[in-house]
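# coords below, sequence missing:
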């Protein structure tokens, strides 16, 4: 039981003042009996504002940057679990500031690995992105490198029992940097013309509550070295905009530096090591010598040359009613709109 896993345990969330961290803390406080939740982030003002919302005694705020290994080691003292959510993630910004993304997303990942092993943390689960699959931008490349580091870290633990795994998912509705808040702001300003990169562009989407539940389930069930991928809907960005506002018009601005027309969560090359359950996929790691026979007893292998891509997804929403229901579930719009 996941409740028993968290009882009297300490959890640290890097980047904990972001969209995921704030909602995750709220969910954890409501449903679980943790000894302590540590928010590790570099923005003192966000910590100050978050502390006003969460004045509970078992919430601790630790100011620091994942680029600072010593600070991370100090923060992880007596920590049982780590959810790594800190990242630089804006694609166009990464194209013009590559070394800064590498310092945070790659070197920062290695710092977390080293600090977690030194502190004898039990489990570390790193959050990744669909942009890490067949990357064409710096952000995606840095997250792919981070995935590789976390998976390979399982070979570094020696006598320690620290386990490392990864969750890879698509766009989180209403999160910082998402297209949804941008569209909503423009609509509130009475804009009838919305900027659009390409009318055929598609993306995977997941709402924040579902993302949090999935991450916590993966933290409970992870063995070591897996990449967990949730099954999630995808649809055109243009259909999303039309759902948010009827009779909307578009100004086509062209695909920005580093962007793809369609995103991929599992590539055809990864499909050879991918197994499927009802609600998610697992990409197993061959370098760890994982027992595929045991995995196959619980999960089935995906078909040969399987690819999990946003424009050919089995759960592709062509119907705007389905998109609307997802937005209602995510509390982005209400059912009367």
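Received it, and whenever you're ready, just let me know what you need. Computed from a predicted model, the values in this text were never measured in an experiment.

# going forward, measure contacts between C-alpha atoms and count neighbours the same way
Fine.

# Can you pull out the residues in contact with stretch 110-126?
66-70, 72-73, 76-85, 146-147, 149-150, 153, 157, 160-167, 219 (C-alpha atoms under 8 Å, 6 or more residues apart in numbering).

# can you rerun that using 6 Å?
With contact meaning C-alpha atoms under 6 Å, 6 or more residues apart in numbering, stretch 110-126 is reached by 69, 73, 77, 79-84, 162-166.

# Just flag the most distant two among those.
By the measure C-alpha to C-alpha, 77 and 166 form the most distant pair in those, at 22.0 Å.

# In terms of neighbours, single out the busier of the two.
Neighbour tally, residue 77 and residue 166, criterion other C-alpha atoms under 10 Å: the higher count belongs to residue 166, 30 against 15.

# So the more buried one is in contact with residue 229, correct?
No - here residue 166 does not reach residue 229: they are 8.9 Å apart, not a contact under C-alpha atoms under 6 Å.

# ranges for the strands of the stretch 151-300 of the chain?
Along the stretch 151-300 of the chain, counting by DSSP state E, counting those that start in this stretch, strands occupy 163-169, 171-172, 193-196, 202-206, 227-230, 234-236, 249-252, 264-266, 274-276, 280-283, 300-301.

# Going by mean pLDDT, which of these comes out lowest?
Ranked on mean pLDDT, the bottom entry among the strands of the stretch 151-300 of the chain is strand 300-301, at a mean of 88.

# that older thread, need the strands of the stretch 151-300 of the chain in TSV with distance to residue 29, can you?
Below are the strands of the stretch 151-300 of the chain laid out as TSV (distance: least, C-alpha to C-alpha, whole Å):
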stretch	distance to residue 29
strand 163-169	22
strand 171-172	21
strand 193-196	38
strand 202-206	22
strand 227-230	24
strand 234-236	31
strand 249-252	42
strand 264-266	31
strand 274-276	31
strand 280-283	26
strand 300-301	35
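
# Looking at those strands, which is nearest to residue 136?
Across those, residue 136 has its closest neighbour in strand 264-266 (11.5 Å, C-alpha to C-alpha).

# and the closest one, which strands flank it?
Sheet pairing here is set by DSSP bridges, and for strand 264-266 it gives strand 308-309 (antiparallel).

# Filter the contacts of stretch 110-126 down to the buried ones.
69, 73, 79-84, 162-166 (16 or more other C-alpha atoms under 10 Å).

# Distance of residue 282 relative to residue 140?
20 Å (C-alpha to C-alpha, to the nearest Å).

# actually residue 245, sorry about that
Distance of residue 245 to residue 140, given as C-alpha to C-alpha: 31 Å.

# picking up where we left off before, out of the strands of the stretch 151-300 of the chain, which comes closest to residue 20?
The nearest among the strands of the stretch 151-300 of the chain, by C-alpha to C-alpha, is strand 171-172 at 9.0 Å.

# quick revisit: now the buried ones among the contacts of stretch 110-126 as a markdown table including distance to residue 318?
Converted to a markdown table, these look like this (distance: C-alpha to C-alpha, whole Å):
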| residue | distance to residue 318 |
| --- | --- |
| 69 | 46 |
| 73 | 48 |
| 79 | 45 |
| 80 | 43 |
| 81 | 40 |
| 82 | 38 |
| 83 | 34 |
| 84 | 34 |
| 162 | 43 |
| 163 | 40 |
| 164 | 37 |
| 165 | 33 |
| 166 | 30 |
